[in-house]
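Enquirer: A structural model of the following input is requested.
(one chain, ligands or ions: 3)
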Amino acid sequence: MTVERTVRLAIPVPLHQAFDYAVPDTLDMPHPGARVRANFANRHLVAVCLEQNPQVTHPSLKPIQEVLDVVPCLTAELMSLAAWLSAYYHHPIGEVINTILPSAAARGASLTFKHEPLWATTTQTDESERLKGAPKQQALHTYLREQGPADMATLREAGFTRAQLNPLVQKHLIQESGPTRTELEAPLTLNAEQSSALQQLDPARLGYRTTLLEGITGSGKTEIYLQMIASVVERGRQALILVPEIALTPQTVQRFERRFGGTGVMHSNLSDAARLKTWLQCRNGDIQILIGTRSAVFTPFADLGLIVVDEEHDSSFKQHDGLRYSARDVAAKRAQELDIPLILGSATPALETLNNAMTGRYQHLRLTRRAGGAAIPTWHLIDVRGHMLDQGISPPLAKVISHHLDEGNQVLIFLNRRGYAPSYLCTHCKWRAACSECDAALTYHHNPRRLICHHCGLRAGVPEVCAECGGHALLAVGLGTQRTEEGLRARYPDIALFRVDRDTMRTQKRLEAQLDAINQGTRAILVGTQMLAKGHHFPNVTLVAVLNADNGFLSTDFRAPERTAQIITQVAGRSGREAKAGEVYIQTMQPDNPILTSLIEHGYPGFAARELDVRKGAGFPPFQPMALIRAESAQASKATAFLKHLASQVPKPLLALGPAPAPIARLGGLHRVQLMIMADNRSLLHRGLNVLHDLKAERDVRWSIDVDPYDTF
Ligand code: ADP
Ligand code: ZN
Ligand code: ZN
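Expert: Residues are numbered from 1 along each chain as shown. Ligands and ions are numbered 1, 2, ... in the order given. Presented below is the predicted three-dimensional model:
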């Protein structure tokens, strides 16, 4: 008689539990971290082994069907990270593991991939004469010399065979290509501030420490990352660099490539197969430097030695659905567990991060000067009350714009609203075009002429008569980037104009082409949304104008002031980045708004100090941890009733505020209600949330827990 062998599995279903199965004698015992196939509710699912031979209470277990990995797919480190994620974000372990696996692996794809060498010529010399007797070899050599490195599959497609390749390898005319060290760019000589920061980061120090590198835009933070990474790579270890959006800042990856040669890249535009391959190469140690967006924080490494989170304040590091994790916070957890350094870099650190630095949990380093010697731009407020605005531009701003253009420079006009106008309304009866699926106005767009909902994507034709009173007095009201562009074109017909927002930059190729055109040209106007603010280096921009700072003051979200200050500071940082000094002009109807005055008088650190006091007074994060519980349903009353019930289950020392409608109370046809949970400390918060896991809502109510919510929309 055989002793029954069992495994505990994480199965990708929304239940807060693991499931025990039997391992039939015909199968090898799966190791923790290995994928298996198991039948669950009549579906064949890919599951991951959590534990061998757990204490099983159930007398007879269903057998697993297949073991997919001999070598576990997930390393022990990632398995323990998954357990932490599940506990911290109160998300089912099976779904956590499903999120951290590359999707191809989650579907059961094989993890063996062949190492496909790239072949390249050893020199750029023309060997036609020497290879005269072997025309096929001669053609292959010429092909590689002209086209650059290629793998065997590509060569076969081009009509070559291995029989032609091998003799060329023997003659040392062709070799496996690696990073060509000779063409790499040398490190820059650090300025005094940078040297001192690097010294305190201490590349020779190996253990865990988080450092906030707070450096103004253009102060040379990236150069410091590069030099830290260089010393990690020299030691034979790996480095992970998390960035907000690779597509928006191709310059960043290019800079890493110039310094180190081949780097791995991981972002959402990769095919599933490419993503899995990069994931495995990092796990095997074949890739030394990985640059990636949010989910790259879940990549396994053979020997990770450093994590860098660039623009650590950026909202894209927080996932807004499913496993609602913060890649920055997960990076901190991984760095701690792996006992390696973590660098968080930003010109506008998140208040959480600043607070950790101020209380001594993080090392705090500052760069206060621009690295290349460029001056810090001067800031000016324009009080637009009492001015006649022409397509959003006040007369004083028009003068400044003309002046910068006359000097042959570039001007960047920032407006965080795409489309032509944020509302379309009847001047007679005040009817306003609204989305049928959301509690939100429709935005009026030109070319093509449409009303579009920026929340759910709904598109509608533009009515010619008012839906309410039948009148014809319909008007597009307010200012979007299309209207600003139109106004500027009329005003400066001879000047090159680039509009950069999600509507004009639908593809990465187009964005790259536009960025190149901007950086090669001279006199030009750039109009755009925050797409223009992020990380770009525009050498010729000397004026940044924020058309309407007040947009950001309207939101009731507790993080709105922080986000507004960050975006204004970031966009201002595009001004005067090289030899020519820059200026920043901000149009506002609230020149006394403390967000603006603190920013102008004391910079972002001044703003942040003030805002931290406000948060402390209100008992908001980072001083008290928070979780947001959201419920959605086609019927508002059901969502509310569920959250009322849930609120009554929240254990005592926790504070439950609500339920209340979300700021956008209906989205995509669903009513959204939320409950804010506050606690004096994290362990109380987690203990309280644990009680709620197994609450069952009615079938048409969906609900979720968001720990450390980024916004309350
Ligand atoms: P940040 O990451 O803080 O925005 P970067 O590292 O991108 O700053 O540096 C801004 C600009 O200054 C870049 O063009 C960079 O090449 C240049 N730079 C950085 N460090 C130095 C240095 N030590 N000497 C000269 N130029 C530098
Ligand atoms: Zn009307
Ligand atoms: Zn909508």
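Enquirer: do you know how far the residue in the stretch 1-150 of the chain that ligand 2 sits nearest to is from residue 20?
Expert: Here the stretch 1-150 of the chain gets closest to ligand 2 at one residue, residue 14, 46.1 Å apart by C-beta to the ion. Bear in mind the C-beta positions are built from the backbone N, C-alpha and C, glycine included. For residue 14, the distance to residue 20 equals 19 Å [C-beta to C-beta, to the nearest Å].
Enquirer: My guess is the residue of the stretch 1-150 of the chain closest to ligand 2 contacts residue 95. True?
Expert: Yes: between residue 14 and residue 95 a contact is recorded at 6.2 Å, counting by C-beta atoms under 8 Å.
Enquirer: Summarise which helices and strands the longest strand along the chain is packed against.
Expert: Criterion DSSP state E: the longest strand present in the chain is strand 655-667. Helices and strands touching strand 655-667, by 3 or more C-beta pairs under 8 Å, 6 or more residues apart in numbering; DSSP states H and E, are helix 636-649, strand 670-678.
Enquirer: Can you say which of the ones you listed is nearest to residue 300?
Expert: Proximity to residue 300 (C-beta to C-beta) singles out strand 670-678 among the helices and strands packed on strand 655-667, at 33.2 Å.
Enquirer: Buried ones in the helix or strand that that closest one is followed by, by neighbour count?
Expert: Using DSSP states H and E, the helix or strand that follows strand 670-678 in sequence is helix 682-692. By neighbour count on 16 or more other C-beta atoms under 10 Å, the buried set for helix 682-692 is 684, 685, 686, 688, 689, 692.
Enquirer: Same check on stretch 702-713?
Expert: Residues 703, 704, 705, 706, 707, 708, 709, 710, 711, 712 are the ones in stretch 702-713 that count as buried (16+ other C-beta under 10 Å).
Enquirer: Only alpha carbons, please: show stretch 663-673 as CSV.
Expert: The C-alpha trace of stretch 663-673 is given here as CSV (Å, rounded to 0.1, in the frame of the first residue of the first chain):
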residue,chain,number,x,y,z
PRO,A,663,-16.0,61.0,-6.7
ILE,A,664,-17.0,59.6,-10.1
ALA,A,665,-20.1,57.9,-8.8
ARG,A,666,-20.9,56.0,-11.9
LEU,A,667,-18.3,54.6,-14.4
GLY,A,668,-19.0,52.4,-17.4
GLY,A,669,-22.5,51.8,-16.2
LEU,A,670,-21.6,50.7,-12.7
HIS,A,671,-22.3,52.7,-9.5
ARG,A,672,-19.3,53.0,-7.3
VAL,A,673,-19.4,53.3,-3.6
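Enquirer: And the contacts of it?
Expert: 437-440, 455-456, 555-557, 630-636, 639-640, 643, 658-662, 702, 712-713 (C-beta atoms under 8 Å, 6 or more residues apart in numbering).
Enquirer: Kindly report the same for stretch 692-704.
Expert: Contact with stretch 692-704 is made by 16, 90, 321, 324, 629-635, 638-639, 642-643, 645-646, 649-650, 670, 705, as judged by C-beta under 8 Å, 6+ apart.
Enquirer: Could you count how many residues lie near residue 451?
Expert: Per other C-beta atoms under 10 Å, the neighbour tally for residue 451 reads 22.
Enquirer: residues in contact with the spatially closest residue to it that is not a sequence neighbour?
Expert: Using C-beta to C-beta, 6 or more residues apart in numbering and skipping residues adjacent in sequence, the residue nearest residue 451 is residue 442, 3.9 Å away. By C-beta under 8 Å, 6+ apart, the residues touching residue 442 are 423, 424, 433, 434, 435, 451, 452, 453, 458, 460.
Enquirer: just so I have it, where are all the strands in the stretch 351-500 of the chain?
Expert: Ranges of strands in the stretch 351-500 of the chain, per DSSP state E, counting those that start in this stretch, are 363-367, 378-383, 410-414, 423-426, 443-445, 450-452, 459-460, 474-477, 496-500.
Enquirer: hey, which of those strands is tucked in deepest?
Expert: Per residue and on average, the most neighbours among the strands of the stretch 351-500 of the chain fall to strand 410-414, with a mean of 28 (mean count of other C-beta atoms under 10 Å).
Enquirer: Do I have it right that residue 293 meets residue 267?
Expert: Yes: assessed by C-beta under 8 Å, residue 293 is found in contact with residue 267 at 4.6 Å.
Enquirer: So which of these two has more stuff around it?
Expert: A count of neighbours by other C-beta under 10 Å puts residue 293 above the other of residue 293 and residue 267, at 21 against 17.
Enquirer: Around the closest residue to residue 203 other than its chain neighbours, how many other residues sit close by?
Expert: In this structure, residue 203 finds its nearest non-sequential neighbour in residue 231, 3.7 Å apart by C-beta to C-beta, 6+ apart. By other C-beta under 10 Å, the residues close to residue 231 number 17.
Enquirer: Residue numbering should commence at 652 henceforth.
Expert: In the new numbering, first residue 652, that becomes residue 882.
Enquirer: Quick check: residue 882 vs ligand 1, distance?
Expert: Using C-beta to the nearest ligand atom, to the nearest Å, we find residue 882 at a distance of 17 Å from ligand 1.
Enquirer: and that residue, what pLDDT?
Expert: With respect to pLDDT, residue 882 scores 95.
Enquirer: and the closest residue to residue 1241 other than its chain neighbours, how many residues sit next to it?
Expert: Once flanking residues are discounted, residue 1241 sits nearest to residue 1201: 5.8 Å by C-beta to C-beta, 6+ apart. Residues lying near residue 1201 (other C-beta under 10 Å) number 17.
Enquirer: Quick check: residue 1201 is in a strand.
Expert: No: assigned with DSSP: H, G, I helix; E, B strand; the rest coil, residue 1201 falls outside any strand and is helix.
Enquirer: Hmm, residue 900 is touching residue 1183, no?
Expert: No: proximity of residue 900 to residue 1183 does not meet the contact threshold set by C-beta under 8 Å, at 11.4 Å.
Enquirer: The two: which is more packed in?
Expert: Neighbour comparison, residue 900 and residue 1183: the larger count goes to residue 1183, with 29 against 20 (by other C-beta under 10 Å).
Enquirer: Alright, that wraps it up for me.
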